[in-house]
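Participant: My questions concern the predicted model and sequence given below.
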Amino acid sequence: MARRIACLLLILLAVVGPRDAGGQEATSSTSSTNPHTTPEDVQEGRMIVRGRCSSCHGLDGTGGRAPDLTRQHLRHGNSDEALFGNIKRGIPGTGMAGTNMPDRNVWRVISYLQSRRKQEPPVLAGDASIGKALFIKHNCDACHWTGKQGGRRGPNLATSRVTLEYLRRAILDPNLDVASQHRQLVLALADGRIVRGLLLNEGDYHVQLMDQQEGLHTIALADVEFFERPLHSLMQSYANALTPKELDDLIAYVYSLRETDEPVELVDEVRHDDHPK
C-alpha cells in the first residue's frame with residue numbers, strides 16, 4: 001500500500017509540477033531567458049512598476065530621482081538576466097534594495113521595461129554654451145558639482161541620470177520631489193542657537209551637518225532641544241526667472257555634464273506650450 005501511495009505521489013508531482021512554499025507556480029531565478037513575455041505579462045509588469053517602483057524611477061520607469069530604466073544603456077547591465085539579479089538582489093552601494101516579489105513578477109517587470117527600451121537618443125533643443133553662461137549667472141555651481149568644480153549641497157550633475165522631463169520639472173518646481181539627502185535639517189539647541197544644514201552622518205550620540213557655506217558641524221544629540229525637516233527644496237523655482245529658450249539652453253548644458261557615453265541628439269527648436277506664462 002505504501003509503495004502504491006508513493007507511486008501516486010510521483011505521478012501527481014509530474015502532472016502538477018513544482019510549487020513554491022506559497023502554493024504558487026515556481027519560476028527559476030537562475031534562468032537567463034524570461035519565461036513571462038506575453039502582452040498580458042507586459043501589462044502586469046507596467047502595473048507593478050507603477051505601484052512599487054515609481055517613487056524612485058518615475059511613473060513608467062522612465063526616471064525620477066533614480067535612473068531611467070527604459071534607456072538603451074544601463075550601467076549595471078541590460079540583459080534579462082542582469083536585470084533580474086539587480087531587481088531581486090539589489091545593487092550594493094546604491095539606493096536599489098532587493099525585493100521579495102515572486103520571481104514571475106520580477107520577470108514581468110523586466111518584460112515591461114524591455115518593451116519600453118529606448119533606441120533613440122534624447123532630444124535637446126537648447127544651446128549648451130548659452131546654458132553654461134546661465135548656469136554661472138544664476139550661481140547654480142554654488143550647490144551643484146559639475147564634475148570638476150562646484151558645490152556639494154545639491155545633486156551631483158555629473159553622475160545624475162534623471163530624464164530631460166524630470167530635469168525640466170526640477171528647475172521649474174524644485175519642491176515637487178525633494179530627495180531626503182537634500183532636505184535641510186533644522187536643529188534648535190539647548191543654548192538657544194539654531195543650526196541649519198544637510199545631514200551628512202548620524203550616530204547614536206552625534207549628528208554631522210553641512211551648512212550653507214559647506215562648513216561642517218558635529219553636534220551632540222544631548223544638546224538638541226528639538227528638530228524639524230522642512231519639505232521645501234533649498235533650490236528656488238526658476239519658472240519666472242527663465243524664458244522658454246533659456247530653460248532649454250540651461251537643460252542642454254546640465255545634460256551635457258553627465259559622465260556617460262549615451263548619444264544626444266540636438267535640434268534647432270521645440271514647442272514651449274507647456275512652459276508657465
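Facilitator: Good, I have the coordinates.
Participant: Please identify which helix or strand holds G45.
Facilitator: Applying DSSP states H and E as the criterion places G45 in helix 39-48.
Participant: Past that helix, which element shows up next along the chain?
Facilitator: helix 54-57.
Participant: Counting by contacts, list what that next one packs against.
Facilitator: For helix 54-57, not one helix or strand is in contact under the criterion 3 or more C-beta pairs under 8 Å, 6 or more residues apart in numbering; DSSP states H and E. (Glycine included, C-beta is placed from N, CA and C.)
Participant: Show the subsequent helix or strand relative to that helix.
Facilitator: As assigned by DSSP H and E, the chain's next helix or strand after helix 54-57 is helix 80-89.
Participant: ok, and for the following helix or strand past that following helix, which residues are buried?
Facilitator: Beyond helix 80-89 on the C-terminal side, the first helix or strand identified by DSSP H and E is helix 103-115. Residues of helix 103-115 classed as buried by neighbour count (16 or more other C-beta atoms under 10 Å): D103, R104, N105, V106, W107, R108, V109, I110, S111, Y112, L113, Q114.
Participant: next structured bit after helix 103-115?
Facilitator: Next along the chain after helix 103-115, taking DSSP H and E as the criterion, comes strand 123-124.
Participant: quick one: strands adjacent to that following strand?
Facilitator: In the sheet, strand 123-124 lines up against strand 265-266 (parallel) (DSSP bridges).
Participant: picking up where we left off before, contacting residues around the helix holding G45?
Facilitator: Applying C-beta atoms under 8 Å, 6 or more residues apart in numbering, the contact partners of helix 39-48 are D60, M101, N105, W107, R108, V109, I110, S111, Y112, L113, S115.
Participant: Can you tell me which of those residues is closest to V162?
Facilitator: D60 (14.3 Å; C-beta to C-beta).
Participant: How far off centre is the lengthiest strand in the chain?
Facilitator: Taking DSSP state E as the criterion, the chain has its longest strand at strand 194-202. With C-alpha atoms, centre = their mean, to the nearest Å as the basis, strand 194-202 stands 23 Å off its chain's centre.
Participant: which of the residues in it are buried?
Facilitator: Neighbour counts over strand 194-202 (16+ other C-beta under 10 Å) mark V195, G197, L198, L199 as buried.
Participant: which residues sit in contact with the second one?
Facilitator: Going by C-beta under 8 Å, 6+ apart, G197 touches Q184, L185, L209, M210, D211, Q212, H217.
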